[in-house]
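J.: Need a 3D model of the following:
(2 chains)
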Protein chains: 2
Amino acid sequence: MSTSFTLLARDGRARLGRLETAHGAIDTPAFMPVGTAGTVKAMLPENVAATGAQIVLGNTYHLMLRPGAERVASLGGLHRFMNWGRPILTDSGGFQVMSLAKLRRITEEGVTFRSHIDGSPHFLSPERSIEIQHLLDADITMAFDECTPYPASEEEAEASMTLSMRWAERSKEAFRPRPGYGLFGIVQGGIYPALRLRSAAWLTAIGFDGYAVGGLAVGEGQETMFRVLDETVPALPEDRPRYLMGVGKPADIVGAVLRGIDMFDCVLPTRSGRTAQAFTRAGTLNLRNARHMDDAAPLDENCACPACSGYSRAYLHHLFRAEEMLGPILLTWHNLFFYQELMRELRAAIAAGRLAEYAAGYAAKEAA
Amino acid sequence: MSTSFTLLARDGRARLGRLETAHGAIDTPAFMPVGTAGTVKAMLPENVAATGAQIVLGNTYHLMLRPGAERVASLGGLHRFMNWGRPILTDSGGFQVMSLAKLRRITEEGVTFRSHIDGSPHFLSPERSIEIQHLLDADITMAFDECTPYPASEEEAEASMTLSMRWAERSKEAFRPRPGYGLFGIVQGGIYPALRLRSAAWLTAIGFDGYAVGGLAVGEGQETMFRVLDETVPALPEDRPRYLMGVGKPADIVGAVLRGIDMFDCVLPTRSGRTAQAFTRAGTLNLRNARHMDDAAPLDENCACPACSGYSRAYLHHLFRAEEMLGPILLTWHNLFFYQELMRELRAAIAAGRLAEYAAGYAAKEAA
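T.: Okay, the predicted model is just below:
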């Protein structure tokens, strides 16, 4: 009746899986490119698919403000609107309300705020967030939560987490189950193990199709993030996908997969692509740097993406210097391809029972 | 030894032809998308080719300033630099020196000026312009000329034209003939028939692989432009391609083809695409207009381009409202496709001897 998740292999705590949704299957561990306002920035949707992406993320907050959820619904839903026929996960709006909206006021009922675009007043609650995600026709709907600020005291983190758990109950109530459509809960609790465990147990008792770990990658650092995952992930149901929200750098993803995470999203590959930052096996490159001006070599000679197959570093450098749109287009494509290639390698390593070895090699390359 | 031009059919003064160059053939009448700084703005080169474009234009002025002609040469030439394997025509830099450069000083020898980008001093002469175009590896090199200002008195236009003709002689001297590479002269003379005829005769006496009509589409209006073409084109050699520089709107192109023009370039489809203007059979549309906000119809239901096949007007409107790069990408693609479709139809009409009928239908649609 909902999304279905099949575990295909394990390697330590890492898992190889397949998540079936109304618009197709997702091989996990999976990375979801972010399509904030109904487009993965600078990319044609067929090219997003060509990188290997099987699912993209849409932002409830952005889409409710512009063009509006009812409008997207009347135009046939988000898949048709943005010409992306594969699965879509929408976030709940909770994170952007905290990071972008103006004049927020949080009550038990929900959050009133003003749009960062035009100052217009809006209201989000668990019921409205779920309704919007239904209107968008998201394959995977996220429960509405409050993103706990960082740093937060244990008392603040507890108050925020328990509010999010009561909102998770209301999200579950509001969600309309349909075949191929799923609802994920979000574990909160900041950096406090007892809170994380309470949150995980609370959500498990409610029952969700998947479990996200929220409130990380907000400034706590990789070491703390990995510790929270070590403490939290074992408390989540084995038979449901686990999604680490807003993460991250390649090494963050490798470490989180080692700790049992199945799904990721992050603006890093797309945002970096627009600012001339390219991910390579040997680290990140800034293509604006003058040292690339005469370099006839490709961005990454081991990469099969169009940016690396057809162009020199000198040309990419030129495009960014000249502020030509093709620079962001090519670098976004490369970075998304790089991330999908990483996920392909992680899945292959888990299938082969060689993830520890792969991860060690990756860490060594990162440090080099 | 140079480019070769074959006339395949005639229909009135209009011609169907094929121009062979070192990097491939061009079916004429042809429209050349403008790739100012080594990229057709917002387009991947394979997508420019997918619209049907067989040749693009590169700008000597822009490329000499950034990244520099010697740099492009050391990176393998402009085709390799921008990953465009088909023919390239480069302009001579004369037009941009007049319209963009600072602190110009024109002498018989050439033009000194300062870069509009960083104020650095530069010099262009017939010899240097041709050298730059050789360094870029242009299939078609344009003679260096002075673009006569508009309006200009007959005396001013004559002085400017005769300078351009002396520069055309020096351009011919400087050009290094190679198989598949051609040099085009540029007819000047403003709106004055006697000057245009003198210029055409002068260039024909020098001898070029093709003949451009320059100094039009600078504010004189379509009626005057067509009159100048009526007076000038018959004075050009029958067996060489004729190129109307910087033109134009679809109706300008139809009218110029009727008058015997074979080649065109213009920033209109690409620039319009970036500013939400779309060309359709029924006229131009501004996708920013709020009336498209809820319109589920495609931009142009008779168009086979990706923007019209996959997206609604409402979505395109949303992309421009949200300032998403995909808006310019899709509309540029549509406009370039529209222009190439126009050229395909013009060629088919000439081949069928039905150009007058096609042009009349086009004029009626323009007026509707």
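J.: Close to chain B: what parts of the stretch 51-200 of chain A are there?
T.: The stretch 51-200 of chain A comes close to chain B at residues A:66-67, A:71, A:74-76, A:81-83, as judged by C-beta under 8 Å from any C-beta of the partner chain. Glycine gets a C-beta too; all of them are placed from N, C-alpha and C.
J.: Repeat that for the stretch 251-368 of chain A.
T.: A:293-294, A:296, A:306, A:310-312, A:314-315, A:318-319, A:321-322, A:324-326, A:328-330.
J.: Might one say that A:R18 is in contact with A:T3?
T.: No: with contact defined as C-beta atoms under 8 Å, A:R18 does not count as touching A:T3 (10.7 Å).
J.: who has more neighbours, the two?
T.: Taking neighbours as other C-beta atoms under 10 Å in any protein chain shown, A:R18 and A:T3 compare with A:T3 leading, 23 against 15.
J.: quick one: pLDDT of the nearest residue to that one once chain neighbours are set aside?
T.: Leaving aside its sequence neighbours, A:T3 sits nearest to A:G182 (C-beta to C-beta, 6 or more residues apart in numbering or on different chains; 3.3 Å). On pLDDT, A:G182 comes in at 98.
J.: again, but for A:K365
T.: 67.
J.: Quick check, central residue of chain A?
T.: Among the residues of chain A, the one closest to the centroid is A:D265, at 1.6 Å (C-alpha atoms, centre = their mean).
J.: And the nearest residue to A:G35 once chain neighbours are set aside, how far from chain B?
T.: Leaving aside its chain neighbours, A:G35 sits nearest to A:V56 (4.4 Å; criterion: C-beta to C-beta, 6+ apart). Remark: distance between A:V56 and chain B (C-beta to the nearest C-beta, to the nearest Å) = 13 Å.
J.: ok, how many other residues are close to A:V56?
T.: For A:V56, the count of nearby residues is 27 (other C-beta under 10 Å).
J.: And A:P179, by the same measure?
T.: A:P179 has 11 nearby residues by other C-beta under 10 Å.
J.: one step back: from memory the residue nearest to the centre of chain A sits against A:L89, does it?
T.: Yes: A:D265 sits in contact with A:L89 when judged by C-beta under 8 Å, with a separation of 7.5 Å.
J.: Spell out which residues make up each domain of chain A.
T.: A:4-266, A:268-356 (automatic domain parsing).
J.: In JSON lines, list the ones you listed along with distance to B:A200.
T.: Putting those into JSON lines (distance: least, C-beta to C-beta, whole Å) gives the following:
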{"stretch": "domain A:4-266", "distance to B:A200": "45"}
{"stretch": "domain A:268-356", "distance to B:A200": "36"}
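J.: backbone phi and psi for the closest residue to A:G77 other than its chain neighbours, please?
T.: Closest residue to A:G77 apart from its sequence neighbours, by C-beta to C-beta, 6+ apart: A:D137 at 3.4 Å. Note on A:D137: backbone dihedrals following degrees, to the nearest 10 are phi 70, psi 40.
J.: Could I get the pLDDT score of A:D137?
T.: 98.
J.: How many neighbouring residues does it have?
T.: For A:D137, the neighbour count with other C-beta under 10 Å is 22.
J.: Do I have it right that the residue nearest to A:G35 meets A:K41?
T.: No: contact criterion C-beta under 8 Å: A:V56 and A:K41 do not qualify, at 11.3 Å.
J.: Tell me where the stretch 151-300 of chain A has helices.
T.: In the stretch 151-300 of chain A, the helices defined using DSSP state H, counting those that start in this stretch lie at A:154-174, A:193-206, A:222-232, A:250-258, A:268-274.
J.: Now do the strands in the stretch 201-350 of chain A.
T.: Taking DSSP state E, counting those that start in this stretch to define them, one finds strands in the stretch 201-350 of chain A at A:210-213, A:242-244, A:263-265, A:277-280, A:283-286.
J.: Looking at these, which is nearest to A:F337?
T.: strand A:277-280 (9.4 Å; C-beta to C-beta).
J.: For that closest one, the averaged confidence score.
T.: 97.
J.: do stretch A:38-45 as well
T.: The model assigns stretch A:38-45 a mean pLDDT of 98.
J.: before we move on, what about stretch A:320-340?
T.: In this model, stretch A:320-340 has an average pLDDT of 98.
J.: what element comes up after the helix or strand containing A:H134 heading to the C-terminus?
T.: Under the criterion of DSSP states H and E, A:H134 resides in helix A:126-136. Downstream of helix A:126-136, the first helix or strand assigned by DSSP H and E is strand A:140-142.
J.: Tell me where the stretch 1-150 of chain A has helices.
T.: Under the criterion DSSP H, counting those that start in this stretch, the stretch 1-150 of chain A carries helices at the ranges A:45-50, A:60-65, A:69-74, A:78-82, A:94-99, A:126-136.
J.: Looking at these, which is nearest to B:A49?
T.: Nearest of the helices of the stretch 1-150 of chain A to B:A49, taken as C-beta to C-beta: helix A:45-50 at 15.7 Å.
J.: what's in contact with that closest one?
T.: Contact with helix A:45-50 is made by A:33, A:35, A:39-40, A:56, A:82-84, A:86, A:333, A:336, B:310, as judged by C-beta atoms under 8 Å, 6 or more residues apart in numbering or on different chains.
J.: returning to that earlier point: what's the angle between the helix holding A:H134 and helix A:154-174?
T.: For helix A:126-136 against helix A:154-174, the angle by axes from the mean of the first three to the mean of the last three C-alpha atoms, to 10 degrees is 50 degrees.
J.: Which pLDDT value does the model give A:I88?
T.: 98.
J.: will you turn the strands of the stretch 201-350 of chain A into a markdown table that also has distance to A:G52?
T.: Output for these, formatted as a markdown table (distance: least, C-beta to C-beta, whole Å):
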| stretch | distance to A:G52 |
| --- | --- |
| strand A:210-213 | 21 |
| strand A:242-244 | 18 |
| strand A:263-265 | 14 |
| strand A:277-280 | 15 |
| strand A:283-286 | 20 |
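J.: Poorly predicted segments of the stretch 201-350 of chain A, please.
T.: The model of the stretch 201-350 of chain A has no residue with pLDDT under 70.
J.: closest point of it to chain B, which residue?
T.: For the stretch 201-350 of chain A, the residue closest to chain B is A:G310, as judged by C-beta to the nearest C-beta, at 4.1 Å.
J.: okay but that residue is in contact with B:N83, surely?
T.: Yes: using C-beta under 8 Å as the test, A:G310 is close enough to B:N83 to be in contact (4.1 Å).
J.: Looking at those two now, which is surrounded by more residues?
T.: For the pair A:G310 and B:N83, the greater number of neighbours falls to B:N83 (20 against 17), based on other C-beta under 10 Å.
J.: give the contact list for that one.
T.: B:N83 makes contacts with A:310-311, A:315, B:45, as judged by C-beta under 8 Å, 6+ apart.
J.: Near the residue nearest to A:L78 when sequence neighbours are not counted, how many other residues are there?
T.: Spatial nearest neighbour of A:L78, excluding adjacent residues (C-beta to C-beta, 6+ apart): A:L136 at 4.3 Å. Around A:L136 there are 24 other residues, counting by other C-beta under 10 Å.
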